[in-house]
Structures are given as structure tokens and as C-alpha cells.
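J.: structure, please.
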Amino acid sequence: MSFDRSELEEMKERWVAANVECEKAGDWKPLADFYTPDATYGWNYGPQQDFMAVGRDEIRELALGQEMQGLEGWTYPYQAWVIDDTTGDMIGLWKQINERSRADGSRYGVHGIGGSWFKYAGDFQFGWQRDFFDFGNVSALFLEMITDDALSDGMQARIAKSGAELPGWYKVGTAPVELW
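T.: Below you'll find the model as predicted:
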């Protein structure tokens with residue numbers, strides 16, 4: 001199935017604008033309306049765990065709710081897009097930047113490339129999304145922020161839950177839908 005290029009470009013613009021509004025509000029749940037009712041959204045958390053939300057409701061509550069708790073004050077500015085109008089694949093490459101600054105004035109941010117791979121399903125909705133990011137660089141940044149006492153209360157609470165059995169977290173290879 002192929003898609004009109006202008007429709008995909010409009011989807012990208014709608015998505016980016018909605019992301020900016022959600023970042024300002026510190027609430028990403030409204031983005032769930034961009035997914036089909038049966039969409040899936042997942043990513044890998046390193047060598048032992050994957051995350052997967054199945055269906056719009058889980059995407060809203062788990063991927064955009066539970067998993068974004070503590071990330072208020074972070075922005076994810078998109079840097080570039082690769083769009084294939086033949087397949088509906090859309091890849092958005094983004095940075096992950098915190099609102100706080102280091103002693104030298106530079107902002108805390110994840111070094112490396114982060115991105116989201118979307119499968120467009122038509123009608124301005126995604127059928128699935130898979131995120132990718134440099135887990136090592138994310139871990140190093142959070143360790144730096146812990147050392148600098150630069151984590152928000154929300155992020156400290158999130159880290160305190162690390163290792164807990166959270167909904168949507170699966171041992172690698174056991175999620176209800178494959179990552180790739």
C-alpha cells in the first residue's frame with residue numbers, strides 16, 4: 001500500500017506540533033489519539049528487557065503515561081525525518097534534552113542518536129511505533145545527573161521503581177508483539 005506524500009508530510013507536522021504541546025504540558029497521553037485502536041508501541045531497555053504496549057489504551061496509560069513519568073521538563077526535538085511513501089515507514093530522529101543545566105551552563109542531554117520508527121496506517125494514525133536510543137548514553141547521563149543532584153523528584157521516584165515488575169516490561173524476546 002502506498003500513501004500520498006503530502007498526507008505523510010502533514011502527519012509528520014501534526015505529530016511534531018502535538019509533541020511540542022505535550023512537552024510543554026508535561027503530559028504525553030494526548031498523543032495516544034495518533035494511534036489506531038490496535039496499534040503497538042515498543043522499545044528495548046538494554047540486554048535484558050523490552051517494553052511493549054499493545055492497543056491505544058495501553059499506549060496511553062503505559063507508554064505515554066507510566067513510562068514518561070519523571071520526564072517532565074525533557075524535550076525531544078526532532079532533527080530529521082526519513083519518509084517512505086511506498087511503505088508508510090516514517091523515521092523521526094530526535095534529541096533528548098533536559099531543562100536543567102550543568103555547572104558550566106551546558107544542558108543535560110543524551111549524547112548519540114535517538115529515534116522513532118513509525119508505520120503509518122492511514123487516516124492520520126500510526127499502526128505501530130518502535131523507539132531506539134543509545135541505552136549506554138542514557139544510563140551515563142542519568143548517572144551524571146544523580147552525581148550532580150540534578151534529577152527531578154519525579155525522575156528520582158521513577159528510578160526508585162527500577163527493577164520492579166512494571167506493566168509493559170518483558171524479558172527480552174517475551175513481549176506479546178515482537179520489537180522487529
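J.: C-alpha from now on. contacts and neighbour counts both.
T.: Will do.
J.: not counting its own residues, what contacts stretch 144-154?
T.: Under the contact criterion CA atoms under 8 Å, 6 or more residues apart in numbering, stretch 144-154 has outside partners 69, 70, 71, 72, 100, 108, 142.
J.: now it: buried residues?
T.: 145, 150, 151, 152 (16 or more other CA atoms under 10 Å).
J.: now do the SS call for the second one.
T.: Looking back up the chat, that one is residue 150. Following DSSP: H, G, I helix; E, B strand; the rest coil, we place residue 150 in the coil state.
J.: which non-adjacent residue is nearest the most centrally placed residue in the chain?
T.: By CA atoms, centre = their mean, the chain has its centre lying nearest to residue 131, at 5.8 Å. Nearest residue to residue 131, sequence neighbours excluded (CA to CA, 6 or more residues apart in numbering): residue 116, at 4.3 Å.
J.: let me see the contact set for that neighbour.
T.: With CA under 8 Å, 6+ apart, residue 116 has these contacts: 91, 92, 93, 94, 129, 130, 131, 132.
J.: ok, now residue 126?
T.: 34, 35, 36, 39, 118, 119, 120.
J.: which ones among those residues are found in strands?
T.: 35, 36, 39, 118, 119, 120 (DSSP state E).
J.: residue ranges with poor pLDDT in this structure?
T.: 163 (pLDDT under 70).
J.: redo that, cut-off 90
T.: Residue ranges of the chain with pLDDT under 90: 1, 45-46, 158-165, 179-180.
J.: top helix in it by residue count?
T.: helix 5-25 (DSSP state H).
J.: name the residues of that one that come out as buried.
T.: Buried, per 16+ other CA under 10 Å, within helix 5-25: 8, 11, 12, 16, 18, 19, 22, 23.
J.: for those residues, give me JSON lines that also has distance to residue 46.
T.: Below are the buried residues of helix 5-25 laid out as JSON lines (distance: CA to CA, whole Å):
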{"residue": "8", "distance to residue 46": "31"}
{"residue": "11", "distance to residue 46": "30"}
{"residue": "12", "distance to residue 46": "28"}
{"residue": "16", "distance to residue 46": "27"}
{"residue": "18", "distance to residue 46": "28"}
{"residue": "19", "distance to residue 46": "25"}
{"residue": "22", "distance to residue 46": "26"}
{"residue": "23", "distance to residue 46": "25"}
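J.: just these now: which is nearest residue 174?
T.: Taking CA to CA as the measure, residue 174 sits nearest to residue 19 out of these, at 29.8 Å.
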